[in-house]
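> pasting the sequence and the predicted model now:
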Amino acid sequence: MSIATIHSCVVSSKKLTVVVFVLILLGCGLFLRLYPLNTAPYWMDEGYTINAVLSYTIGQTEGVSAVLDSGATYECFLYCYPTSLISNAFGASASTYRILAVVFGMLSILVLYVTTRELFNRRTALLTAFFINFAYFQIAWSTQARWYTMFLFFFWLALWLFVRTTKQYALASKLSFKTILLATCCVIATVLTILSQKIGIILPGIFAGYTMYLNYWQKTFRFLPTTTIVTALILISAIVDTLSGQRLLLNFLSNIDFNYNLPYYLNFLWREYLVFIPLALYALYHSNGRDSRALLAYIFLAYLIPLSFLTSIVHYRYIFHVTPILFILGSVGLFDILKNLPLKYTFKYQTPLTIALLITIFFIQGTGVITPQDRYWLEADDPSKLSARPSYAYTPQPDWNTAYDYIKTNRTSNDIVISSHPHFNKIFLREPGYWISFNYLGFDGRNEFRTTDNREFYVGAQIIDTPEQLQQLTSNQHGFIVFDYMAQDGRITPDILDSIDTLPLVFHKKDNAYSEIWVFRF
C-alpha cells in the first residue's frame, strides 16, 4: 500500500470520526429537546397556540388566520396550520403540538453553522453549533408550542442568503443568474421570517441599512443597484405588511411607548450569557473580519434598542433569535485571543484545553444543559436579586394541567368553570366557560381582549366584569374558579379577588415565585 493511499485512509478516518462525533452531539441535543415534550405542563401562551390549532378545521379558516370560537382571528398560520395537520394525523397531544418547535430548533443549528462558516470559518462555526445545540434557551424554546424556533430558523436562513447574495454580486460585479436566484430565495426567507413572527419586519430594514453601508463605506456596490435593492426591500415589507392583514409597521408606529427597559435586557443577558459577553466585545474590536462582526453587532442592536426604549413591554423572548450572536462572537473572540497571545504565554494543547474550559463554564453557569430536565423555566427575573427596578419580568408557568385534572376529576355535569384564562377551559374541558375580565398584558383601562359583542377574545367566554356578577353566579350555580399568579398580580381587581377569597380553596400549587395557581369551589 502506497504512502498516498495510507494518508488518504487516515484523512477519511478522521473525517468519519468527526462526522460520527457531530451526529452523537446532535443526537444528544435532540434527546434533550424531546425528553420533556409530552410531560411538561402547558403555559399561558402555549394555550393560545393550541386553541388556534384546534380552530383550524375544515371550513373554518380565513386567509392565514385561525378563526377562533369568538369569531376573532389569530395569526399563526406558519406554525398552527401545520401543527393542526400533525395533530390530526398522529393524535392531539402535547408532543404533536410542540414537535414543530423541535424540528425548527434542530434545523436552526444547521443554519447557524452555515451562516457562521460563511461569515468567519469552519472551527468558529463548529464551536457555535455546539453551544446552540446545548444552550438552555435554545432547548427551552424548542419544547414549547410556540413559533420562536421557527422564527429563529427563517431569520438566520434569510441572513445567510443575504450574505451569500452580497458576496456573489461582489464577485461577479453584475446580476448573474446565481445572484438573482440567491436574492429570490433571500426574499422568500425574509417573507417567511416576517410571517412567522411580527418583529421580523425589522429584518428588511437591517438588510437595507447594511447594503447602504457596503455601498458608501466599502464601495462594494454601485449606487443604482444599491438604491434598487433598498427600494425593493421597502416594497417587500409593505407588500407583506398589507397581504398579511397585520399592518405591522402601522401598528408599531402607532403604539410607540417611550420607556427605559435597557437595564432589564442587560441584566438578563449578563446573567444568562456572562462568559460570552466579554469575549464578544473583544471580538468586535479586533481588526480581522470587521465587516462580519459589525454586521452581527448591527443586527443585535437593531432589536435591543427598540425593545429597550420604544415599548413598555419587557419580553426577553423577543431577543431570543439574536442571542446566538453572543455565541458566534464569543467563539470568534476566544480564537482571536488564542491567536494573539504572546509566544511566552502559549503552551501545548492550549487551544483544546481553553475550549474545554469555556465549555465547562458554559455548563456550570447554566447557559448550557447537559442533563435532561422535566421542565424548562423561561426568561424570568429572580425577584430576590432585583436592583432598583420598579418590577420584575417573568413568564408565568403555573401547572394548568394538574389544576384542570383536579377540576375534571371533581366536576359534576352541571358545574360551570370560571377562569382567568378560559382558553384552557376550551383545551381541557371543550367549552369556553366564563372569564374574569382583566387585560392580559396588565394595562389599565384597556379592553383589548374582548370582541365587539362583549365576549372574551380567544374562546368567546362570557365575561365577568364586577363582583356583583361573580356573586350572582356563585350564589345560583355550582362550579370552580381557577386563576394564576399573573392574573392576580395587579390584573384582576381587588374587589373581585376579595369575593373569591370568601369561597373554599380546594387546590393550590406553587412551583416558584411567579408560577402559582389556585382553584376555588362554589
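Yep, that arrived. Numbers count the residues shown, from 1 in each chain.
> any weak-confidence spans in the stretch 351-500 of the chain?
By pLDDT under 70, the weakly predicted segments of the stretch 351-500 of the chain are 385-388, 443-447.
> strands along that one, start to end?
416-419, 434-436, 462-464, 479-484 (DSSP state E, counting those that start in this stretch).
> so which of those strands gets nearest residue 314?
Closest approach to residue 314 among the strands of the stretch 351-500 of the chain (C-beta to C-beta): strand 479-484, 18.8 Å. In short, each C-beta sits where N, CA and C put it, glycine included.
> using CSV, write out every CA atom in that closest one.
C-alpha atoms of strand 479-484 as CSV (Å, rounded to 0.1, in the frame of the first residue of the first chain):
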residue,chain,number,x,y,z
GLY,A,479,-68.6,25.1,39.9
PHE,A,480,-64.9,26.2,40.1
ILE,A,481,-62.9,29.3,39.8
VAL,A,482,-59.3,28.9,38.6
PHE,A,483,-56.7,31.6,38.2
ASP,A,484,-52.9,32.0,38.3
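> what's the closest non-adjacent residue to residue 94?
residue 38 (4.9 Å; C-beta to C-beta, 6 or more residues apart in numbering).
> ok, and what's touching stretch 331-338?
For stretch 331-338, the external contacting residues (C-beta atoms under 8 Å, 6 or more residues apart in numbering) are 116, 120, 123-124, 127-128, 131, 278-283, 286, 288-289, 293, 350-351, 354-355, 358.
> give me the buried subset of these.
116, 120, 124, 127-128, 131, 279-280, 282-283, 286, 289, 293, 355, 358 (16 or more other C-beta atoms under 10 Å).
> start to end distance for stretch 474-483?
In stretch 474-483, first residue to last residue: 16 Å (C-alpha to C-alpha, to the nearest Å).
> again but with stretch 494-510, I slipped
21 Å.
> off-centre distance for it?
Relative to the mean C-alpha coordinate of its chain, stretch 494-510 is positioned 33 Å out (C-alpha atoms, centre = their mean, to the nearest Å).
> now that stretch: buried residues?
496, 499, 500, 507, 509.
> then stretch 107-119?
For stretch 107-119, by 16+ other C-beta under 10 Å, it's 107, 108, 109, 111, 112, 113, 114, 115, 116, 117, 118, 119.
> I figured the fourth one hits residue 153, correct?
Yes - in this structure, residue 111 is within contact of residue 153 by C-beta atoms under 8 Å, at 5.9 Å.
> point out where the stretch 51-200 of the chain drops to low pLDDT.
57-65, 171-174.
> now the helices for it?
77-90, 94-119, 122-134, 136-142, 148-172, 177-196 (DSSP state H, counting those that start in this stretch).
> for the second one, packing partners?
Okay, so that is helix 94-119. Counting contacts by 3 or more C-beta pairs under 8 Å, 6 or more residues apart in numbering; DSSP states H and E, helix 94-119 is packed against helix 3-34, helix 44-55, helix 77-90, helix 122-134, helix 136-142, helix 148-172, helix 290-309, helix 324-340.
> pick the most buried one from these.
Scoring these by mean neighbour count under mean count of other C-beta atoms under 10 Å gives helix 136-142 as the most buried, with a mean of 25.
> residue 403 is nearest to which of the helices of the stretch 51-200 of the chain?
The closest of the helices of the stretch 51-200 of the chain to residue 403 is helix 94-119. By C-beta to C-beta, the value is 15.6 Å.
> tell me the angle that closest one makes with helix 77-90.
Taking axes from the mean of the first three to the mean of the last three C-alpha atoms, to 10 degrees, helix 94-119 and helix 77-90 form an angle of 130 degrees between their directions.
> quick one: helix 94-119 to helix 148-172, angle?
20 degrees.
> name the nearest residue to residue 406, sequence neighbours excluded.
That would be residue 507: by C-beta to C-beta, 6+ apart, it lies 4.7 Å from residue 406.
> how close does the residue nearest in space to the middle of the chain get to residue 76?
Of all residues in the chain, the one closest to the mean position by C-alpha atoms, centre = their mean is residue 148, 3.1 Å from it. Noted for residue 148: a distance of 12 Å to residue 76, by C-beta to C-beta, to the nearest Å.
> so where's the stretch 201-350 of the chain shaky on pLDDT?
216-230, 233-234, 237, 240-255, 287-289.
> before we move on, the earlier item: so which of the strands of the stretch 351-500 of the chain is nearest residue 262?
strand 479-484 (28.8 Å).
> outline the domain layout of the protein.
147-202+217-250, 400-521 (automatic domain parsing).
> show me the helices in the stretch 351-500 of the chain, by range?
Using DSSP H, counting those that start in this stretch, helices in the stretch 351-500 of the chain cover 400-410, 423-424, 467-476, 485-488, 494-501.
> want to throw the helices and strands packed on helix 94-119 into CSV with distance to residue 316?
Converted to CSV, the helices and strands packed on helix 94-119 look like this (distance: least, C-beta to C-beta, whole Å):
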stretch, distance to residue 316
helix 3-34, 20
helix 44-55, 13
helix 77-90, 20
helix 122-134, 17
helix 136-142, 9
helix 148-172, 11
helix 290-309, 9
helix 324-340, 13
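> of the ones you listed, which is nearest residue 370?
Within the helices and strands packed on helix 94-119, the stretch nearest residue 370 is helix 122-134; the backing value is 6.6 Å (C-beta to C-beta).
> got the angle for that closest one vs helix 324-340?
140 degrees.
> before we move on, the earlier item: tell me the one of the buried residues of stretch 107-119 nearest residue 81?
Distance to residue 81 across those (C-beta to C-beta) is lowest for residue 107, with 18.3 Å.
> wait, residue 69 sits on residue 55?
Yes - here residue 69 reaches residue 55: they are 7.0 Å apart, a contact under C-beta under 8 Å.
> re earlier: for residue 196, see how far away the residue nearest to the centre of the chain is.
Computed as C-beta to C-beta, the residue 148 to residue 196 distance reads 9 Å.
> what do you get for residue 325?
From residue 325 to residue 196 the distance is 19 Å (C-beta to C-beta).
> ok, now residue 338?
37 Å.
> now residue 376
21 Å.
> between the two, which one's more packed in?
Counting neighbours by other C-beta atoms under 10 Å for residue 376 and for residue 196 shows that residue 196 has the greater number, 22 against 19.
> so the more buried one makes contact with residue 154?
Yes - at 5.5 Å, residue 196 counts as touching residue 154 under the criterion of C-beta under 8 Å.
> sounds good, over and out.
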